[in-house]
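**Student:** Return a 3D structure for these sequence lines:
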Amino acid sequence: MRILSLQSGTSADGIDVAVADLRALDDSSTPVVRIRTLLARTVDWSPELRQRLLAAVDGSSLTPAEFCELDTLSGREFAAAARAAADECGEVDLVVSHGQTLFHWVEDGRAQGTLQIGEPAWIAEALGCPVLSNVRSADIAAGGEGAPLMGLFDRAWLTGETAASGRPIATVNLGGIANVQVVSPDGGLIAFDSGPANALVDGVVARATEGRQTRDTDGVLASAGRVDERVLAELLAHPYFLAAPPKSTGRETFDLGVVDRAVAAAGAEPALADLVATLTALTARTVANAVRSATAEPPSRVIVSGGGVHNPALMRALTAVLALHGIEVSTSDEWGISADDKESLLFAFVGFLSWHGIPAALPATPEGRARVLGQLTLTPETILGPRLRGAAGLTIAGGHE
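**Tutor:** The predicted structure follows:
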C-alpha cells in the first residue's frame with residue numbers, strides 16, 4: 001500500500017512530505033509490515049501564510065472568516081505539496097494529513113480536545129484518492145491523550161529488539177515539544193510528552209532577532225552561553241514537569257510567558273546566549289528525567305529523532321546527563337530510520353492501521369477503548385477493500401528500505 005503523509009510541526013517550519021510503501025509480509029495473526037521510503041522532504045510554507053499560522057499557534061484570536069481562510073489556504077498548500085510528491089513518485093493509495101496544530105486543549109490534567117487545520121478536501125481533490133485526517137481526536141474522545149502517537153510506531157518497531165536484549169529501550173522525538181516512549185521486553189509501552197524541546201529556544205531567538213533567526217542553528221548560541229542556574233530552577237518548578245504520565249502538552253502551555261516569568265522570579269537578566277543555554281539545559285534535564293523515571297528498570301539506550309538531533313549543544317547535554325545513569329544515546333539514523341523522516345513514517349503507519357480497521361492503543365487510552373484513528377475524506381474512485389487480518393499483534397520489520 002502506497003501512503004503519502006503530510007504534517008507541519010508546532011514551529012510551522014514547513015510541510016513535511018513523505019511517500020512510503022507499506023506491505024504486510026504475511027497474513028498471520030501477528031503480521032510483519034515492511035516500510036520502504038520512496039520520498040521524504042520538507043516544503044516551505046508561503047511566507048505570508050506561515051506568519052499567519054505562527055500568529056494563530058501563538059494565540060492570536062481569529063474571526064470565523066479568518067479561521068475559514070487559514071484552514072482553506074493551508075489545505076491548498078498541503079494539497080500542492082502532496083500533488084508535487086505524487087507527480088514525482090507516482091499515484092498513491094491513501095494520504096494521511098496530520099495538518100497544522102493550532103491548539104491542544106489540556107484541562108484538569110487530561111486532554112479535552114485538539115485542533116489541527118488544513119482542509120483535507122483540497123488534498124483529496126488534488127490527488128483523487130482518500131485522505132485520512134484529524135487523527136488524534138478519536139483517542140481523546142475515548143478518554144486518551146491523543147498524543148504522543150509515536151509510541152504506536154516504536155512499539156511495533158522495537159518490541160523484537162527489547163525482547164532479545166531483555167531491557168527496555170526508550171525513544172525521544174525532539175520537535176517543538178519532546179515526547180518520550182519506552183518499549184519494554186514484554187511489549188509494554190509508556191509514552192508521553194516530557195515538555196519543550198525546541199519550542200522555547202526557537203521562540204526566544206525569534207523574538208530577540210525580530211524574526212531574522214528562528215532557531216539556534218547548530219547550537220551556536222547555547223555553546224557560547226552559560227546556564228543560569230537560578231532561571232533553570234524556576235523553569236524546572238513548572239507544574240507540568242511534576243505531573244505523572246500519561247500527559248500531553250503543547251506550545252499553548254510552554255510559551256514565552258513561561259520564560260519571562262521564570263526570568264523575573266529569578267531576578268535575572270541573562271544575555272541571549274545564556275538564556276538559550278539555560279533553555280537547552282532545561283530540555284536535556286527534563287527529557288533525561290522522563291526517561292529515567294518512566295519505568296522501574298531504566299532503559300539500556302535512548303534512540304533520538306526529530307529536528308533536535310541537528311543541535312549539537314542539545315545532543316551533548318542530553319548525552320552527558322543520561323551517561324551519568326549508564327544510558328547510551330544514539331540517533332534513529334543509526335538504527336536504519338532517518339531522524340528527519342521518522343515522524344512522517346509514523347503518520348504513514350497510522351494510515352495503514354486505520355485503513356485496515358486496526359485500533360490504536362496508546363498508553364493513556366483506557367483499557368478496552370482503543371479506537372481506529374482519523375476521519376476519511378473519500379473520492380468517487382475510493383473502494384474500501386477488505387481489512388488486514390491480525391490486528392492484535394502487528395509489528396514492523398527491523399529497519400526500513
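**Student:** Quick check: the closest residue to Trp157 other than its chain neighbours vs Thr209, distance?
**Tutor:** With sequence-adjacent residues excluded and distances taken as CB to CB, 6 or more residues apart in numbering, Trp157 is closest to Ile396, at 4.5 Å. (Each C-beta comes from the backbone N, C-alpha and C, glycine too.) Ile396 sits 41 Å away from Thr209, taking CB to CB, to the nearest Å as the criterion.
**Student:** re the thing from before, you'd agree the residue nearest to Trp157 is up against Ala156?
**Tutor:** Yes: taking contacts as CB atoms under 8 Å, Ile396 lies within contact range of Ala156: 4.3 Å.
**Student:** Now the common contact residues for those two.
**Tutor:** 33, 349 (CB atoms under 8 Å, 6 or more residues apart in numbering).
**Student:** can you count the residues close to the closest residue to His238 other than its chain neighbours?
**Tutor:** Closest residue in space to His238, ignoring its immediate chain neighbours: Val258 at 6.6 Å, by CB to CB, 6+ apart. Around Val258 there are 21 other residues, counting by other CB atoms under 10 Å.
**Student:** now do the one 3 residues further on
**Tutor:** In terms of burial, Arg261 registers 13 neighbours under the definition other CB under 10 Å.
**Student:** Likewise for Ala288?
**Tutor:** Neighbour count for Ala288, taken as other CB under 10 Å: 25.
**Student:** quick check, it in a strand?
**Tutor:** No: using DSSP: H, G, I helix; E, B strand; the rest coil, the assignment for Ala288 is helix, not a strand.
**Student:** Give the pairing partners of the longest strand seen in the chain; include direction for each.
**Tutor:** Ranked by residue count, the top strand of the chain under DSSP state E comes out as strand 94-107. As defined by DSSP bridges, the strand partners of strand 94-107 come to strand 2-8 (parallel), strand 110-117 (antiparallel), strand 131-133 (parallel).
**Student:** ok, which stretches of the stretch 151-300 of the chain are helices?
**Tutor:** Counting by DSSP state H, counting those that start in this stretch, the segments of the stretch 151-300 of the chain that form helices are 199-208, 220-224, 229-236, 239-242, 256-266, 272-293.
**Student:** List the buried residues of stretch 159-179.
**Tutor:** Judged by neighbour count using 16 or more other CB atoms under 10 Å, the buried positions of stretch 159-179 are 159-162, 168-179.
**Student:** ok, now stretch 70-88?
**Tutor:** 70-71, 73-83, 85-86.
**Student:** Ok, stretch 1-14 next?
**Tutor:** Applying 16+ other CB under 10 Å to stretch 1-14 flags 1-13 as buried.
**Student:** any chance of those in CSV, plus pLDDT and distance to Gly118?
**Tutor:** Below are those laid out as CSV (pLDDT from 0 to 100; distance: CB to CB, whole Å):
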residue, pLDDT, distance to Gly118
Met1, 95, 22
Arg2, 98, 21
Ile3, 98, 17
Leu4, 98, 14
Ser5, 98, 13
Leu6, 98, 8
Gln7, 97, 9
Ser8, 96, 8
Gly9, 87, 13
Thr10, 79, 14
Ser11, 80, 16
Ala12, 87, 11
Asp13, 86, 15
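**Student:** Distance to Gly99 added to the residues you listed, as TSV?
**Tutor:** Shown next, in TSV, are the buried residues of stretch 1-14 (distance: CB to CB, whole Å):
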residue	distance to Gly99
Met1	21
Arg2	21
Ile3	16
Leu4	14
Ser5	11
Leu6	8
Gln7	7
Ser8	7
Gly9	11
Thr10	12
Ser11	15
Ala12	11
Asp13	15
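**Student:** which two from those residues end up farthest apart in space?
**Tutor:** Greatest spacing in those, by CB to CB: Met1 and Ser11 (30.4 Å).
**Student:** Distance check, His310 against Asn289.
**Tutor:** For His310, the distance to Asn289 - CB to CB - is 23 Å.
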